[in-house]
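A.B. asks: Predicted model and sequence below, questions to follow.
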Amino acid sequence: MSTPRAARTAHDVMHPGAQCIGENDSLRTAARMMRDLNVGALPICGGDDRLKGIITDRDLVVHCCAEDKDLDRTTAGELAEGLVWVDGATSIDDTLTTMEQHQVKRIPVLENRRLVGMISEADLAKELPDDKLAEFVHRVYSGA
């Protein structure tokens, strides 16, 4: 029996098993992980196994390459800021609201303060009706 669309949660929609980049790992390592995993973002986890932030492919370009930072000496943790996440029990509507408010296209999902997955636009595209997805995309990309 499947969960009705209206009652679905972040846990129901997320992509489970997100791999973290360590906060002390280099940006080169992050870039290689993104390539190997075919993803555009990685959660950043600390030595305490707690989520510290998220790094995107855009972060690598804008905050490293464009600023002439050393890919081997700059750590993922140096780019970890403004952590936004949702609990696995958060409704889909509340998850979308959080993503829209913070203008993020990907969001980590936590349960018991541990990372359990990520939600991306691709995950939402599989779940949402076309009109709701179009509204989400408009709000996130236009800043509305």
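C.D. replies: Perfect, thanks for sending it.
A.B. asks: Run through the neighbouring helices and strands of the least confident helix or strand in the chain by mean pLDDT.
C.D. replies: Between all helices and strands in the chain, the lowest mean by mean pLDDT, DSSP states H and E belongs to helix 130-142, at a mean of 86. Contacts defined by 3 or more CB pairs under 8 Å, 6 or more residues apart in numbering; DSSP states H and E place helix 130-142 against helix 92-102, helix 121-127. Every residue, glycine included, has its C-beta placed from N, CA and C.
A.B. asks: Packing partners of the shortest one?
C.D. replies: Applying 3+ CB pairs under 8 Å, 6+ apart, one finds that helix 121-127 contacts helix 10-13, helix 130-142.
A.B. asks: Okay, now the unreliable bits of the protein?
C.D. replies: Along the chain, segments meeting pLDDT under 70 span 1-6, 143-144.
A.B. asks: So which residues of it form strands?
C.D. replies: Using DSSP state E, the strands assigned to the chain run over residues 15-16, 21-22, 41-45, 51-56, 86-87, 107-111, 114-119.
A.B. asks: List of residues touching the third one?
C.D. replies: Counting by CB atoms under 8 Å, 6 or more residues apart in numbering, the neighbours of strand 41-45 from elsewhere in the structure are 18-23, 30, 33-34, 51-57, 76-77, 79-80, 106, 108, 115, 118, 120.
A.B. asks: Can you say which of those are buried?
C.D. replies: With neighbours counted using 16 or more other CB atoms under 10 Å, the contacts of strand 41-45 contain these buried positions: 18, 20-23, 30, 33-34, 51-56, 76-77, 79-80, 106, 108, 115, 118, 120.
A.B. asks: picking that back up, just want the angle from the least confident helix or strand of the chain to helix 92-102.
C.D. replies: Taking axes from the mean of the first three to the mean of the last three CA atoms, to 10 degrees, one finds that helix 130-142 is oriented at 20 degrees with respect to helix 92-102.
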